[in-house]
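Could you look at this predicted model? Sequence included:
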Amino acid sequence: MAHTVVMPQLGESVTEGTIGQWLKKVGDSIEEYESLLEVLTDKVNAEVPSPVSGTMSRILVDEGAVVAVGTPICEIAVEGEGAESDAEPPSEAKAADAASEPKTDEHDTSAAPAEPSPAAKEGRGRYSPAVRRLASEHGIDPAGLTGTGSGGRVTRNDVMKAAEGGGRKAASASSASAASSEARMPAVAGAPANVEEGDDIVQLSPIRKVIAERMVRSKMTVPHAWLMVEIDVTGLVALRNRLKDDFKAREGASLTYLPFMLKAVSTALRKIPVVNAQWNGDSIVMKKRINLGIAMATERGLMVPVVKDADRLSIVGLAAATQDLAKRARSGRLTMDDLSGGTFTVDNTGAVGTVLTYPVINAPEAAIVTMESVVKRPQVVGDMIAVRSMMNCCISFDHRVIDGAEAAQFLGELKQSLQAYTADSTL
Amino acid sequence: MAQMTFLEAIRETLRQELARDERIIVYGEDVGVRGGVFRVTEGLQAEFGEERVIDSPLAEAAIIGTAIGASVNGLRPIPEIQFADFIFPAMNQIIQEAARMRYRSNNDFEVPIVIRAPFGGGVRGGIYHSQSIEAFFAHVPGMKVVIPSTPYDAKGLLAQSIEDPDPVLFLEHKGLYRSIRGEVPEERYLLPLGKADLKREGKDVTLITYGLMTQLALKAADSLAEEGIQVDVLDLRTIRPFDKEAIFASVKKTGKVLIIHEDNRTGGFGGEISAVIAEEMLFDLDAPIMRLTGPDVPAMGFSPPLEHAFMISAEKIVEEARKLAKF
């Protein structure tokens, strides 16, 4: 009988994906868990494993098509179960069902666990107090939401996601109008590469395509402006040196400068909220949550996992969260949720040894800040020259949202926080 | 900072306090020559003498009754009940006299005693050496009930309990004595009674607990994190008074609560926590308030399978928290 494979849910907030490439053709034999195809979403691509062993009998969706979660995408004929009757697999399947299982209704229910159970249908219209309150605050009808809780219950998170999604829909609507105004401009094609004999041509991986598309979009649509400050982190360096061995022993993770930076960034964002905002065509969305994306270089390419609600975490909590994300980024185990919801990005460019960079804004966020290498430099302190540990921080910001004064204020806050550390500070 | 077991932290605090304040006396069954059945008071009699570390008769009502009398007359007794299971003969003294003295005397008298008692099961103690008795005392206005979960907390909370001018029941889970180590500063420090400690931060589910269960909850939180479920672990540290603000803050964040205690379910302290959340936080709740507790059976059996069935474990916590996260 034919087994229908549906578009999987690749993350809590993912509702659709693009069919990247079919790795199996019609007629190919397939082992269970073998990859069937690549699916691209906004930020990552994933391979979809086969739920059964068998032979690919039909591919229902072409490469490049955008498909909603739950949509059938292909059919696999399972060996030994009427694989020969290619002509009419559906009726064959129905006949088999009818023969073995007279109560087809019940069978259907058990075969489709994604469907809400009858109990959940009874529960329709009954919501938890938190869901009712949030739904009314955001003017959302919970009956219209797809519940992700047990039995299809609409959860508090579902309402919160829907509330955020409303903002996103508005954003995509206005970016569509932006796109149409772009269309009026003469399209300029990129300069083609000059391919000579002996050159290697590397096909774009799906993630490379996504990175390329996002970079072009950011640089073409966001007016970047740039500032830099020098920060004296001598105290922070001393503090880290004092704590790092104990910290490693106690927490099992290395204490880097990153959590201190994230803490300082969160504090500065609280004080200058316009930096934690997004351009929305005819309005500016001031983000309530502070979710910090951290640009990470991995073997598969640039990833920006997000530390959610970074402002609520301590230095220790931030260290743990970033270590966890880094570990999973390296092993390719980041989930869609790890990669979405960012409101601001921190780029630890110092890790690769630079002292000045001009980062590209991770649109629709309004700004990105870098932490450069900590280097010892002669500095004038009072009327003397001293050797101090210095770190540059650069910010690229969307000048539609943020003016230079605000960006400078933000960097000033950052500087103040990081310079306030001394060897005796407590975490 | 020195690494200490939970037990050593309590012993060192007693030693430090005995040295600091001459009014402090320690007494109870076998606390002197033998150093206590768990060796908590080992060496204290040799150091501070028979008049300050006293072996008492086997009579709990007398231990607490004399402690009350001594405290009213200016001493700061720290009586020990050898096992919390044996506290019942002293209940009349504790509830009728100690807890009500300040009220009854219109502030003329106070009873600054700290009753230490090992409690809880999972150590093959059978029915008379495994009980959790905190709910009986958390019910009584005038009492304070302190239940630490780490060596650090044990020291700061015991010192504060001794500082407190009213009767404090200081419950030490036997399962923590030697299994948990941690850093304990040498100098004296006080941790306020009635302040919870958020021992781990998450966003999906709030685990509210105290004592040994905190350690189990932290273990459970690690496994849950591997499944992508992030939990708050809120250690109440004291259940009377208890930290409502900390509870509300966490519930506001997660909307889902699992209360964990080893004590029997019906009338256990979890019911009180649950009621307060239901009264104050209705519109933040996204799931029923759940409890994971010891069962309503007369006592913890001696047989290992029965004991295991009674006790809370990290696995049981994971299972319940997962259900809530998915709810």
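Nice, I can see it. Residues are numbered from 1 along each chain as shown, chains lettered A, B, ... in the order given.

all helices in the chain, in order from the N-terminus.
No chain was given, so I picked chain A. Secondary structure of chain A (DSSP state H): helices located at A:89-100, A:104-111, A:118-123, A:129-138, A:156-184, A:206-221, A:234-251, A:258-271, A:315-330, A:336-339, A:404-419.

that's the wrong chain, I meant chain B
B:6-20, B:44-48, B:60-72, B:91, B:101-104, B:134-138, B:151-163, B:212-226, B:244-254, B:269-280, B:304-310, B:314-326.

so what pLDDT did the residue of the stretch 151-300 of chain B found nearest chain A get?
Of all residues in the stretch 151-300 of chain B, the one sitting closest to chain A is B:Asp286 (3.8 Å; CB to the nearest CB). The way it works is simple: take the backbone N, C-alpha and C, and place the C-beta from them, glycine included. pLDDT, B:Asp286: 95.

what's the answer for A:Ala119, then?
45.

Next: A:Ala189.
The model reports A:Ala189 with a pLDDT of 70.

For residue 212, which non-adjacent residue is closest in space?
You didn't pick a chain, so chain A it is. Of all residues not flanking A:Ala212 in the chain, A:Leu204 sits nearest, at 7.3 Å (CB to CB, 6 or more residues apart in numbering or on different chains).

wait, chain B
Spatially, and ignoring its direct neighbours in sequence, B:Leu212 is nearest to B:His173 (4.0 Å; CB to CB, 6+ apart).

Apart from its chain neighbours, what residue comes closest to B:Met1?
In this structure, B:Met1 finds its nearest non-sequential neighbour in B:Glu183, 4.3 Å apart by CB to CB, 6+ apart.

from memory the one you found sits against B:Ala2, does it?
Yes: taking contacts as CB atoms under 8 Å, B:Glu183 lies within contact range of B:Ala2: 7.2 Å.

and the helices of chain B, which one's lowest on average pLDDT?
That would be helix B:304-310, which, of all the helices of chain B, carries the lowest mean pLDDT at a mean of 93.

Can you list the buried residues in that one?
Judged by neighbour count (16 or more other CB atoms under 10 Å in any protein chain shown), helix B:304-310 contains these buried residues: B:307, B:310.

Over to stretch B:186-199?
Buried residues in stretch B:186-199 (16+ other CB under 10 Å): B:191, B:193-199.

picking that back up, distance of the residue nearest to B:Met1 from B:Tyr152?
From B:Glu183 across to B:Tyr152, the span is 7 Å (CB to CB, to the nearest Å).

do the same with B:Leu207
For B:Leu207, the distance to B:Tyr152 (CB to CB) stands at 20 Å.

Show me which of these two is the more surrounded one.
Legend: neighbour count by other CB atoms under 10 Å in any protein chain shown for B:Leu207 and B:Tyr152, higher for B:Leu207 (32 against 20).

Please tell me I have it right and that one contacts B:Gln230.
No: using CB under 8 Å, B:Leu207 is not in contact with B:Gln230, being 11.1 Å away.

so how many other residues sit close to the residue of the stretch 151-300 of chain B closest to chain A?
That count, for B:Asp286 with other CB under 10 Å as the rule, works out to 26.

The residue nearest to A:Ala212 and A:Ile211 touch, don't they?
No: here A:Leu204 lies out of contact with A:Ile211, judged by CB under 8 Å, at a distance of 9.5 Å.
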